Every structure is written in structure tokens, then in C-alpha cells.
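# I would like the atomic coordinates for the input below:
(chains A and B)
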Amino acid sequence: MHLQLQNLLPVYFDESRKQTSEIWGKDLRFENGEYIKIVAPSGSGKTSLMHFLYGVRKDYSGSICYDATNIHDLSVEDLAVSRKDKVSIVFQDLRLFAEQTVFENLEIKRQLNPYHPPGKIKEMTERLGIGSKINSKCKTCSYGEQQRVAIIRSLLQPFDFLLLDEPFSHLDNNNSQRAMQLMLEEAKSRNAAIIFADLERIDYFPFTKIFHL
Amino acid sequence: MAISFKPIKPLLQTGTNSASRWLSYIGLGIGVLLLLCSIQMYINIQSLLGKDAVRKNGFDFISITKTVTNETMGQVGKNSFQQNEIDELKSKSFVTDVAPLVSNRFRVQLSGGESIPFRTDFVLESIDNDFLDTLPPNFSWQPGQSSVPLIISSDYLEVFNLFAPTQGYTQISPQSASVVRAIISISGKGQQGNFIGSIAAFSDRINSVLVPKTFLDWANERFAEEPFVGYSRLYIKTKDANNPDLISFLDQKHYKVNKEKVKFGRTKQTLQGIFSGLGLFGLLVVIMALMLFSFYLQLVIARSKESLQLLLLLGYSPNWLGKNVSNRFVPVYVLIVLSALAVTQILQWCFHHFVMYDRPELETVVNWIVIAVAVVLILLSIFTNYRLVKKMLHKLY
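I've put the predicted structure just below:
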């Protein structure tokens, strides 16, 4: 599977952004297995880009195509299939069910298209150091713990592209590296691409391409 | 593996404000009960009052005339039926057939001959044999035949036997009446003919003196001096003389009809009107309850908006979610409608047993139409809910 961006620009951005950005207004193609790092300072449209790629927002010009399919033309049902089978995401604002437990949050995603057995949830939470929180409601977890729940949730489905929007903003270096390692293993097992957008370069992400937004 | 709705269920905020939900449940129950009971009573009335008229081979025969008013008095044409009016009647689905009662348009006199010295002016009529309740084998006439069979109303014999003793006459039985011979003298267009009339049968249905149609047609053609202006009386053959549509049509046309024969029809018309109104009211209550429930559903979805939006964001299909969210209420709907059906069944049993004393025209079990309506109501409520939820979820996208 490949992802193609053509002349992409948020409608609320000035055309001049195309001159300074390596993403906006450019024709780009990303393939399975690639690790893409997008370095983006605040206000450069990092979250917008991730939302565009995941099909949450459509307020852009240009086109985003997964293989030959323009994401703009997908029906709501097709978009649901894409999110279930092909494209996974870690949102910057996490988007967890606050009243549900860690396990319930993860199981809701896992059962949608089970790539892993239920036992994998416990294994992953323990690996990222939140095993003891598995039965706690998410609203009682710290932001860092919630961030790890969101990361695990993104890994419980099949995907060709994994979109990461500042996934380590509230994690220390040690926890970030452990989470990165898990994500790399999971992406490798699926031969998937990772598109990792963050404020700055992160040394432990072995990117194959780097872009400045 | 099928996706389970179990982990999704707690995300729907249905807990608070259950008053509106219970109100809609109760409203739906009352509405459905009213509707089902009205349909059942409507069917009961059909069964009870649909079989009360005099029948021949499963048909009712009723005679109609035009009402003579001050305006139409003396205008024979206006008080008679024309062919287009007969055709209009025939075209109605509730009328099987129509036949006019044809009258003589020449002078007829009846005399007793030498044995009974009397002579009187008389009227003869004829009608299609199919409309006769008693049809003796000899009730026919060919040109050249000197005897003419007659069918007279049994009422005439009854009236004769009533006043005969006071007038010094001997009462006569139907059998002896049939051996009496009378001379029918007809005249017109300067010609005259004499025939021997004999009573072939008595009719309970037609209040007249009838001769074979072939005789009257022949005689009218030969002796008639008056032009044909229409038929004064028609007979309607129908499957149900009490059909409210038939009665409404006759009323609307101001046709005069034997009230005794259609009295059940008028009662039926009134009762059906009442139960139609009640059924309509029930339907309105059902619609209002469904609307109230749809508001409740909208409230649930609005309150669970964030969770539902997140589920869609995670890749849950709006169709799947819509189906499962609306299916949550299916057992309640089914229970409400089945309860209403059960109460209808109990009421029908009580009505049949205690009010109608197990009359054979009625069934103890509710009619299949009532069950079909209950099923349709369940399907309708499921379908409308599913559509509503699906539409709202698509809006959340």
C-alpha cells in the first residue's frame, strides 16, 4: 500500500507556506515499511496534517490518496473500514473513554478487527509499565499513563500506516524509548509505515525519510 | 468473529431522565392496545351483522325506488330509473347485479270468469328469473300460449285470508289458491287478448304480481300505448345488504330502500364508524408515542455524542453502531406490542364468552389481521428507530 500527497495545503494556510514547507504543496509518496519523521514546530499544522491523513477533517486543498483511492471521496462506511483495517493513529489529545477502564478502552479497539488475542493487552500494558492500571478508569490515570494506553490501542489492529501525533509529549525518555521499541516491532510485523510527527527530532526513531513541515 | 456490543453498551447514556422513556412506553402500550382492540371489534361487527338479510345462494336482494318529492310529484320520468342509473349501480363493487321490475304499459283487467263474478283493473310486472326466490318449473310463456303462470306476493294471500271471514269469503290455502283460474284481459292499440292466469307460486321477496318476462315483453310490444319512461322499481343483488358502502351510496342518491332489510347495516355503519374513530385515535396515540420515543432516542444520542464520535473515529461502522443502538430497544418494543396483543386476546375472550355467550359467528381467538397489525407495528418501530439512529450517527461523522 502507498500513500500519496499532492499539493496538499490546509485551506486556512497562506499559499506562501508551500515555499517554506517540505510537505505543504509538495507531491510526496510514502510506501509500506518506510519510517517517516515530520519535524514540525508549533503552529505549522502538524495535527491538521495527521487529521487530514486519518480522514477526520477535509478542510484542505490538494489530494491524499491511499493507493488509488482519494480519501476525500470515501463514504463514511469506507472510512470506517480504512480506520479498522489500514490506518491507525495516536492522537495528540489521546481521545480515550474517560469513564472506561484501561482494559475496556483497549478491548473496544481490539475486538473491532482482532489482530492480537485478548491476552496481548495485558502483555503490552505490562511492557509499557501500566500493567497495574489495567482495571483503573482512564480518568484516574496520569496523562503519561493515558498516553501509553493510546499507544497500545493503536497497535491492536492491523494497519499499513501508523500515524503518530506527538505520542511521547508526556513520557520520560525511558518510557518513550520502550514505547517506540514496541511500535517499531508491531510495524515491522505488519510491514507497515510509520508517520511520526513531533516538535523536534527524536534520536531513537530510525526514520528513513525526514521532512520539515 | 462478530464484534460484540457489550463493551459499547456502557457508553450510551440512557440512565437519567427515564420519565420520558417510561411515558413513551406507556403511551405506546395504550395506543397499540386501542388500535388492536378497535380492529378486533370492527371484525367482530362484520361477523355479527354481516349475515342477517334474506339470502339466496349467499346473496341479498333489496328493492329500491325513487323518493317522490313535491318537486318530482307527477313527473314519472323523474321518479323512474333510467338505464344509465342501472349501469352506474352495476358498476359498483358492492353490487353483484341489478334488475328492473318491468311494468305493463297497457290496460290489464282480471276477472273470475263465470265461477267467481268479479272484474278489476290490475298491474302486472316481470323480472329476471335470477331474482326470484321461488321459481316453479312451469313459470314460462311462449307466444301463442293461452295460459299465463303468475307469481304473487305471499303477503296478498295473507291479507286476503285476514279479511275473507269478515267479508263472507272462504279462506284459502296456497295449494287451493294455485288451482284458481282467472281471466287476464289485456287491451291497447285497439287490440285485445284474453289469457288464463293461474298462480304458480308465492314470493316472499317481491311484493307484486309477476308474469314471465317473455309474456310481458311480448305484450308491451304489442299493446303498449304509453311510451317507456323508465323503471319504477329496481332489485339489487348483493353479497351483503348491510354493506355500509352500499347504504351510503343509496342514501347519497336518495334512493328509497326497505329500511327493515338494511337496519343491521345502519347499526353496523354506526358501530363501524365508532370503532374506526377509536382505531384512528389509537393510531394517533401510537404515532405520538413513537415520536416521543424518537425524542428520547435523540436525547440518548446527543448525551452519548462524544463516545459515539470516538467509536466512529476508532473505525466502528455507523451502520453497525446504528443497528446495535436501535436494537437495544427492540425487546422493549416487542414486549409492549405482545402485551397489548395479549390484553386484546383476553378482552376478545371476555367479549365472546360473557357478552356474546359464545355465539358461533365470533371467534374466541383474535383475528389474524390483528396479529398481522401487531407484527407490522413491531417492524415499523424497529425500522423507524434504525433509520433515525443511523441518520444521527452519520451527522456525527
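# can you check which helix is longest in the chain?
The chain I'm using is chain A. Longest helix of chain A, by residue count under DSSP state H: helix A:173-190.
# chain B, not that one
helix B:263-303.
# just name the shakiest helix or strand of the chain by mean pLDDT.
Picking chain A for this. Averaged element by element with mean pLDDT, DSSP states H and E, chain A has its least confident helix or strand at helix A:17-20 (a mean of 89).
# not quite, I wanted chain B
strand B:55-56 (a mean of 44).
# and the strands in chain B?
Counting by DSSP state E, residue ranges of the strands within chain B are B:55-56, B:59-66, B:97-103, B:107-111, B:119-121, B:125-126, B:147-153, B:181-188, B:191-203, B:209-210, B:233-238, B:255-257.
# adjacent strands (with direction) for the last one?
In other words, strand B:255-257. Partners of strand B:255-257 in the sheet, by DSSP bridges, are strand B:59-66 (antiparallel).
# got the contact list for the strand it pairs with?
Residues outside strand B:59-66 that contact it (C-beta atoms under 8 Å, 6 or more residues apart in numbering or on different chains): B:53-54, B:72, B:78-81, B:96, B:101, B:131, B:133, B:205-207, B:232-242, B:250, B:254-258, B:261-262. All C-beta spots, glycine's among them, are computed from the backbone N, C-alpha and C.
# and the pLDDT at whichever residue of the stretch 201-350 of chain B sits closest to chain A?
Using C-beta to the nearest C-beta, the single residue of the stretch 201-350 of chain B nearest to chain A is residue B:315, 3.4 Å away. At residue B:315, the predicted lDDT confidence score is 93.
# what residues does chain A have near chain B?
For chain A, the residues in contact with chain B (C-beta under 8 Å from any C-beta of the partner chain) are A:56, A:76-77, A:79-85, A:95, A:97, A:99-100, A:104, A:107-109, A:111-114, A:153, A:157.
# count residues in the vicinity of residue B:392, would you?
Summarising burial for residue B:392: neighbours were counted as other C-beta atoms under 10 Å in any protein chain shown, giving 19.
# which stretches of chain A form helices?
Counting by DSSP H, the helices of chain A are A:17-20, A:46-54, A:76-85, A:102-110, A:119-127, A:143-154, A:173-190.
# which residue is nearest the middle of chain A?
The central residue of chain A, meaning the one whose C-alpha is nearest the mean C-alpha position (C-alpha atoms, centre = their mean), is residue A:163 at 2.4 Å.
# residues of the stretch 251-397 of chain B that sit close to chain A?
Of all the residues in the stretch 251-397 of chain B, those in contact range of chain A (C-beta under 8 Å from any C-beta) are B:307, B:310-319, B:394, B:397.
# let's see that with 7 Å instead.
Remark: the part of the stretch 251-397 of chain B in contact with chain A comprises B:307, B:310, B:312, B:313, B:314, B:315, B:316, B:317, B:318, B:319, B:394, B:397, using C-beta under 7 Å from any C-beta of the partner chain.
# ok, and what's touching the longest strand seen in chain A?
Of all segments of type strand in chain A, defined using DSSP E, the longest is strand A:2-10. The set of residues that contact strand A:2-10 without belonging to it, under C-beta atoms under 7 Å, 6 or more residues apart in numbering or on different chains, is A:17-18, A:23-25, A:27-31, A:45, A:48, A:52, A:59-67, A:161.
# ok, now stretch B:191-210?
If you take C-beta under 7 Å, 6+ apart as the criterion, stretch B:191-210 is touched by B:54, B:61, B:101, B:123-127, B:132-134, B:136, B:138-139, B:146-155, B:157, B:174, B:177-178, B:180-186, B:222-223.
# check the residues you listed for burial and list the buried ones.
Buried residues within those, counting neighbours by 16 or more other C-beta atoms under 10 Å in any protein chain shown: B:61, B:101, B:124-127, B:132-133, B:139, B:148-154, B:157, B:177-178, B:182, B:184, B:186, B:223.
# how about low-confidence regions in the stretch 1-150 of chain B?
Applying pLDDT under 70 to the stretch 1-150 of chain B flags residues B:1, B:14-17, B:49-58, B:74, B:76-77, B:113-117.
# pick out the residue of it closest to chain A.
Of all residues in the stretch 1-150 of chain B, the one sitting closest to chain A is residue B:7 (5.1 Å; C-beta to the nearest C-beta).
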